[in-house]
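**Student:** A predicted structure for the sequence below; I have some questions about it.
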Amino acid sequence: MKPKFYISILFVFLIFSCSSNESKEDEEEQVNDELYFPSLTSDTWETKFIADLNWNESELESLLDYLEEKNTKSFIVLHNGKIVLEEYMNDHDATKAWYWASAGKTLTTAVSGIAQDEGLININNKVSDYLGTGWTSATLEKENLITCKNLLSMNSGLDDTTGDDVSPANLQYIADAGSRWAYHNVYVKMQDVIAEASNQDWSDFFNTSLRDKIGMTGQWINLGDLSVYWSNARSMARFGLLTLAKGKWETTQIIPESFLNEATNTSQNINEAYGYMWWLNGKGSYHLPSTQVEFNGKLIPNAPDDMYAALGKNDQKIYVVPSQDLVIIRMGEAADDDTFALSSFDNDLWAKINALVD
């Protein structure tokens with residue numbers, strides 16, 4: 001009986017040992033694949049090889065040729081925070097700044113969440129609580145219907161056909177707040193709200209509450225009636241990574257996770273594909289700038305359903321895909337014709353990305 005007993009014990013030990021080793025290997029693999037954050041004080045950024053991800057490397061050249069042909073200046077792909085692709089083309093490089101256009105609206109969204117978390121604002125409060133009455137040309141009754149959340153959701157009810165000027169005379173009533181979705185530059189009033197509530201310049205509050213905390217560079221530049229953010233592509237990638245990480249940078253929660261969850265889900269009952277200035281894929285219908293038409297189907301059919309995006313004029317893009325641990329950045333001139341946000345380029349580009357990643 002003894003030999004059989006010892007053999008059984010040895011067999012159990014070997015099974016346990018193998019399982020333990022496999023468990024350790026799994027744990028090590030999980031640790032090695034945790035979300036990575038680049039240094040705040042240097043430009044060091046860890047990379048991954050396409051081959052290590054089992055992506056279709058044979059599709060890479062086709063993607064890069066397409067990007068260059070479509071007037072791209074910078075293109076970055078992060079997986080779990082590490083750089084898989086970083087390409088510069090068409091006379092651009094890693095040190096040069098480029099404009100975010102309306103993709104930068106999501107920076108205002110982020111800082112709104114931070115300001116609310118600090119108790120400076122409440123997005124459910126009316127805008128006139130912070131700016132005083134008369135910030136629009138609407139009647140007091142109609143103006144007082146407009147909340148900060150309406151500004152973030154693009155359903156203020158103000159006329160979107162009067163241009164980018166946000167002086168009171170140009171902010172004209174067309175419908176009650178919450179009853180009409182329209183892409184409108186009035187969102188910049190959220191920057192004024194935060195400046196008033198914090199008793200700081202908008203750019204100063206932005207820099208200390210967000211930019212500097214994640215190692216971004218860049219600045220807001222006034223172009224006529226618009227305040228536009230300019231930075232290098234890596235700064236845009238840092239912000240995309242912060243969003244993928246649910247508002248946390250390493251161990252520090254910068255944007256409240258609950259607020260970011262609101263921001264990246266449908267924020268009103270008119271445009272399903274819009275949150276707080278984030279565009280949402282995978283919904284049943286969507287609206288586009290400069291039209292009241294409702295389109296059926298997903299915003300970008302070729303993109304993953306859980307993808308959400310910051311989209312700017314002339315194809316400035318931040319794509320965030322939680323299910324695939326991806327952040328994708330595109331900066332450049334318009335791929336084809338000038339556009340406000342979404343273009344056919346989005347869907348065509350995702351076909352190329354899928355060919356590489358799938």
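**Tutor:** Cool, the structure landed. Bear in mind that the values here come from a model prediction, so they are computed numbers and not experimental data.
**Student:** so Ile221, which state does it fall into?
**Tutor:** strand (DSSP: H, G, I helix; E, B strand; the rest coil).
**Student:** and it, how many neighbours?
**Tutor:** When neighbours are defined as other CB atoms under 10 Å, Ile221 has 13 of them. No exception for glycine: its C-beta is placed from N, CA and C like everyone else's.
**Student:** cool, and Thr162?
**Tutor:** 16.
**Student:** pLDDT wise, what is it at?
**Tutor:** Thr162 is assigned 92 on the pLDDT scale.
**Student:** try the one 10 residues further on
**Tutor:** As summarised for this prediction, Gln172 has a pLDDT of 98.
**Student:** quick check, it in contact with Lys142.
**Tutor:** No: Gln172 sits out of contact with Lys142 when judged by CB atoms under 8 Å, with a separation of 10.2 Å.
**Student:** would you map the helices across this structure?
**Tutor:** 2-32, 60-69, 105-117, 128-131, 140-143, 148-153, 189-198, 202-206, 233-244, 257-263, 344-357 (DSSP state H).
**Student:** can you give me the buried ones in the third one?
**Tutor:** Right, helix 105-117. Buried residues in helix 105-117, defined by neighbour count with 16 or more other CB atoms under 10 Å: 105-117.
**Student:** chain center to it, what's the gap?
**Tutor:** 12 Å (CA atoms, centre = their mean, to the nearest Å).
**Student:** for stretch 292-303, same thing?
**Tutor:** 18 Å.
**Student:** how about that stretch: buried residues?
**Tutor:** Buried residues in stretch 292-303 (16+ other CB under 10 Å): 298-300, 302-303.
**Student:** now that stretch: mean pLDDT?
**Tutor:** pLDDT averaged over stretch 292-303 gives 97.
**Student:** distance across that stretch, terminal residue to terminal residue?
**Tutor:** End-to-end distance of stretch 292-303: 24 Å, with CA to CA, to the nearest Å as the criterion.
**Student:** neighbours of Thr41, just the number please.
**Tutor:** A total of 7 residues lie near Thr41 under the criterion other CB under 10 Å.
**Student:** ok, and the closest non-adjacent residue to it?
**Tutor:** Gly215 (7.3 Å; CB to CB, 6 or more residues apart in numbering).
**Student:** same question, Asn222
**Tutor:** Per CB to CB, 6+ apart, closest to Asn222 is Val228, 7.8 Å.
**Student:** where does pLDDT dip in the stretch 101-250 of the chain?
**Tutor:** Counting by pLDDT under 70, not a single residue of the stretch 101-250 of the chain qualifies.
**Student:** kindly report the same for the stretch 251-358 of the chain.
**Tutor:** Answering for the stretch 251-358 of the chain: the residues below the bar, that is pLDDT under 70, span 338-340.
**Student:** contacts only, for Thr243.
**Tutor:** Neighbouring residues of Thr243 by CB atoms under 8 Å, 6 or more residues apart in numbering: 106, 110, 255, 260, 264, 318, 320, 327.
**Student:** again, only using 7 Å
**Tutor:** Shown in contact with Thr243 (CB atoms under 7 Å, 6 or more residues apart in numbering): 260, 320.
**Student:** hang on, Gly81 packs against Phe37?
**Tutor:** Yes: the criterion here is CB atoms under 7 Å, and Gly81 meets it with Phe37 at 5.9 Å.
**Student:** please enumerate the shared neighbours of the two.
**Tutor:** Contacts common to Gly81 and Phe37, judged by CB under 7 Å, 6+ apart, are Leu241.
**Student:** all strands for the stretch 201-350 of the chain, in order.
**Tutor:** 219-223, 226-231, 248-249, 252-253, 279-280, 285-286, 295-296, 308-312, 316-321, 326-332 (DSSP state E, counting those that start in this stretch).
**Student:** note down every partner strand of the first one and its orientation.
**Tutor:** Counting by DSSP bridges, the strands paired with strand 219-223 are strand 226-231 (antiparallel).
**Student:** may I have the strand it pairs with as PDB, with CA atoms only?
**Tutor:** This file holds the C-alpha atoms of strand 226-231, laid out as PDB (Å, rounded to 0.1, in the frame of the first residue of the first chain):
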ATOM      1  CA  LEU A 226     -13.400  80.400 -30.800                       C
ATOM      2  CA  SER A 227     -11.000  79.200 -28.100                       C
ATOM      3  CA  VAL A 228      -9.200  76.200 -29.600                       C
ATOM      4  CA  TYR A 229      -6.700  73.900 -27.900                       C
ATOM      5  CA  TRP A 230      -3.400  73.200 -29.500                       C
ATOM      6  CA  SER A 231      -0.900  70.500 -28.500                       C
END
